[in-house]
Each structure stands twice: as C-alpha cells, then as structure tokens.
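Participant: I'll drop the sequence and a predicted model, then ask my questions.
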Amino acid sequence: MTHTRTHPRLTAVLAAATLLATVNLYGAVAAHADGTTPSVPPGTEPSASAPVKVDPNDPDLKLPEGATLAAPKVLDIKSVVEDQGGEERREDTNTDVTFALQAEVLFAKDSAKLSDAAKSRIDAIAQEIKKQKATQIRVFGFTDNLGTHEHGVVLSKQRANAVQDVLSQELNDPNITFDVRGYAEQYPIADNSTEDGRKKNRRVEVTFPRTQS
C-alpha cells in the first residue's frame, strides 16, 4: 500500500502564492480595461512581495524526478461593466471590446429611427474605437422573442444599420470595415420569459478588437 505524505509548509506556500497571483492578475486586467487603476477597499491592495518567504532550495518545492511543468496558458478574463439601469453594457476581454445598447435608449418601439439622445451614446463608442485604433467593427442587432422571427430579423438588421451609419459618419475612415447583421431573437443574454429579460435582449452590440495596451 502506498501512503501519500502531505507537506503543510508546501501547502501554505502554494496557497499563498496562488492567492497573490490571482489578485495581481485580476487587478492588472481591470486596470487594462478602462485605462485607470480601480479603487479597492483599504487593506486589500496586492502586496509587492509574497506574504510567505519562499526558500527556492526547499526540497518540498522541487518537482519529482521525471516530472515537467504544464505548458503555460493565457487566461481570457472578461470584465463586464453595466450602468445601473442596464441601458448600456461594456465587456472587455483580452482581445475584444463590446458595447451593448438597449433598444429602448436608441429607438422608439418597433422603430429603427435613432433618437437624438442615442446619437451621443454612439458617438462615445466611436471615440473608444478611435482610441483602440480598430479597423474591423461588428454591429449586430437583436430583438426579444415576441413577434415573428421574420419581423425580428428585418427590425434587428435595420437597427444595426442605423447604428453603423452614425459610427461611419463619426469615424470617417475609409480603412474601417463593418460587419452588420440582424439576428432577431437569437443569442439572448437574458431570460425572455420576463419583461426585464426581454428588455436586455432588445439591443445593438458593437464589437471591435482591442489594440491599445
């Protein structure tokens, strides 16, 4: 029978090192998402060094003979920021930025005509596109599951086209290409069985690559 002997000291060291790496990685991504350092509760700031002194010559930290480390991986961490009313949502990953605007803040009911207030929101997205120096932009429209699929496809595409028109005018860059689509009720982000969920699903999303460090 083989007995496995645990090393309390090794467990403590690895747990502390893992916690520090997690805190530092999350903090770095959050700061990367909006260009500023986020505030944190007092006493929770990451320290500059490991909380436990690590002896590199400790035999408990050595790999068993013949063992190798796994290949390194880059984790794709997503940061999501939503305003209190849920009218605007921003998602940041390692590679992309996505803005989701609820249809109610852009259009009247069952309409694809943009309001004046909507244009200022779209202009703000255009400024972020300029900041990221993005040249490939996806503009996708979505509806809830009420009404026919055929009507939803037409309406969601018309709304995506309306947002793309404003972006194109604001950016005024011939090097930028747009991919504009209408998906109707496909790809919901909330529960269509409630009005709050349907409200979130009625949206236009603008996605572009992250190029700014």
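Facilitator: Received the coordinates, thanks.
Participant: CA atoms of the strand or helix carrying Arg138 as PDB?
Facilitator: Element membership for Arg138 (DSSP states H and E) is strand 136-142. The C-alpha coordinates for strand 136-142 follow below in PDB (Å, rounded to 0.1, in the frame of the first residue of the first chain):
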ATOM      1  CA  GLN A 136     -12.800  46.000 -38.100                       C
ATOM      2  CA  ILE A 137     -16.100  46.600 -36.400                       C
ATOM      3  CA  ARG A 138     -19.100  44.300 -35.900                       C
ATOM      4  CA  VAL A 139     -22.500  45.800 -35.400                       C
ATOM      5  CA  PHE A 140     -25.200  43.200 -34.600                       C
ATOM      6  CA  GLY A 141     -28.800  43.800 -33.800                       C
ATOM      7  CA  PHE A 142     -31.100  41.600 -31.600                       C
END
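Participant: whatever helix or strand comes next after it packs against which elements?
Facilitator: Per DSSP H and E, the first helix or strand lying C-terminal to strand 136-142 is helix 149-171. Packing contacts for helix 149-171, counted by 3 or more CB pairs under 8 Å, 6 or more residues apart in numbering; DSSP states H and E, involve helix 116-132, strand 136-142, strand 177-182, strand 203-209. From N, CA and C alone the C-beta is placed, and that goes for glycine too.
Participant: and the longest one, average pLDDT?
Facilitator: What that stands for is helix 116-132. Helix 116-132 shows a mean pLDDT of 93 in the predicted model.
Participant: buried stuff in that helix?
Facilitator: 118-119, 121-122, 125-126, 128-129 (16 or more other CB atoms under 10 Å).
Participant: show me where pLDDT drops low in this protein?
Facilitator: 1-52, 54, 73-76, 84, 212-213 (pLDDT under 70).
Participant: buried residues, the strand holding Arg138. List them.
Facilitator: Under 16+ other CB under 10 Å, the buried positions of strand 136-142 are 137-142.
Participant: quick check: can you name the pairing partners of it and their directions?
Facilitator: Sheet pairing of strand 136-142 (DSSP bridges) gives strand 177-182 (parallel), strand 203-209 (antiparallel).
Participant: of the ones you listed, which is nearest Pro72?
Facilitator: Set against Pro72 and scored by CB to CB, the strands paired with strand 136-142 come closest in strand 203-209, at 22.9 Å.
Participant: just the angle between that closest one and helix 149-171, please?
Facilitator: 50 degrees (axes from the mean of the first three to the mean of the last three CA atoms, to 10 degrees).
Participant: returning to that earlier point: okay if I get the helices and strands packed on helix 149-171 as JSON lines plus distance to Val153?
Facilitator: Shown next, in JSON lines, are the helices and strands packed on helix 149-171 (distance: least, CB to CB, whole Å):
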{"stretch": "helix 116-132", "distance to Val153": "21"}
{"stretch": "strand 136-142", "distance to Val153": "9"}
{"stretch": "strand 177-182", "distance to Val153": "5"}
{"stretch": "strand 203-209", "distance to Val153": "14"}
